[in-house]
Each structure stands twice: as C-alpha cells, then as structure tokens.
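**Student:** sequence and predicted structure are below.
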Amino acid sequence: MIISKIKGACKQLIGIDDPPFLIALSFGIGVFFGFSPLYGIHTVLGLMAAWAFKLNKASVITGVYLSNPLTVIPIYTFGTWVGIKITGSTASLSDFNLKGLTLSNIEDTLESLLWPFMIGNTVLSVIAGFISFAILFYILKLRSKYRPVEANLLPDDKQ
C-alpha cells in the first residue's frame, strides 16, 4: 500500500507540466523543510515558501512528506549522529534511553543531544535538499529530451 502511494506520488511529480527547474527546485526545498529539525511545522513552512517564491505547491508538499511517521525516526537519528560528529560532542545516541526517561532526568538527557540534533539535522536537510533537486532535475531533463514533440495545433497563416 505504501509503495503504491510512493509510486503514485512520483508519477504525479514527474507528470507536472511546469519547467523542470521549477519542479526540481520546489521538490528540493520541500525536502529541505521535511528533513529540517523543525518537526511539526514542515507543511506550513513548505507552503509559505511555495507561496513566497511562487514555487510548485505539489512538488514542495511531496518533498516535505518524505519525512513522515515512518521515516522521521531514522532521519532524525542519522541527523543527530551527524551532529555529534560535527560538534565533537561527548554525547551518544545510547545516552537516550526511553525506558529510564523520567520527568526528573528528561532535561539532562535531552540537553546533551539538543545541539547535535539541531546542527546535524540542519546539515542533513541542506544536503538532502540539494541531492533531491539534482536527481529530480536530471530525471526531468531526460524526460523532456525523450518526450515526443507535440504538433503545432495553430492554423497556418498561408492558406
């Protein structure tokens, strides 16, 4: 079921009749917001960017929704790991133990991972946005290269 929804979204994305650069840029910006550490306001941020910069809303939302309840844990875990490596933090992902998490120790547990989470997922969102833009732009350029040329439907001036 999920695979068929992903295939359908990809077919719709490739079938949009806007310039390839605009579609790919819109998708890349959507992926940027989808991977950003600002979970919960991804859709709002994506729609605001689409409106402000006159982007393709369907492409932006498709990119934003790459981060969903099924993918958010792996994305944020990897982003936090990247943040730990970038910041040189002594924190470890194994420090985050849900079983031992209580109201009294939640601040200490989350505080050590906050900056690695924010920095790592911001870096990951920029990289993912650029990569998704490049891949989709390449695919759309190939599609336009091999798409049959439509006949001119306007009547000839010479009759």
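**Tutor:** Sure thing, it's come through. Numbering: from 1, shown residues only.

**Student:** what lies in contact with the one helix or strand residue 58 maps to?
**Tutor:** Assessed by DSSP states H and E, residue 58 sits inside helix 57-64. With CB atoms under 8 Å, 6 or more residues apart in numbering as the test, helix 57-64 has contacts from 9, 12-13, 16, 18, 22-24, 26-34, 42-43, 45-47, 49-51, 129, 132. Every residue, glycine included, has its C-beta placed from N, CA and C.

**Student:** 7 Å instead?
**Tutor:** For helix 57-64, the external contacting residues (CB atoms under 7 Å, 6 or more residues apart in numbering) are 9, 12-13, 16, 23, 26-31, 33-34, 42-43, 46-47, 49-50, 132.

**Student:** just stretch 67-78 next, same as before
**Tutor:** 34-35, 39, 42, 93, 117, 121, 124.

**Student:** over to stretch 32-43?
**Tutor:** 45-46, 49, 61, 63-67, 72, 75, 117-118, 121-122, 124-126, 128-129.

**Student:** quick one, which of these are buried?
**Tutor:** Buried members of the contacts of stretch 32-43, counted by 16 or more other CB atoms under 10 Å: 45-46, 49, 61, 63-67, 75, 117-118, 121-122, 124-125, 128-129.

**Student:** list the buried residues for the host helix or strand of residue 26?
**Tutor:** Secondary-structure assignment from DSSP H and E places residue 26 in helix 20-35. For helix 20-35, the neighbour count (16+ other CB under 10 Å) marks 20, 22-35 as buried.
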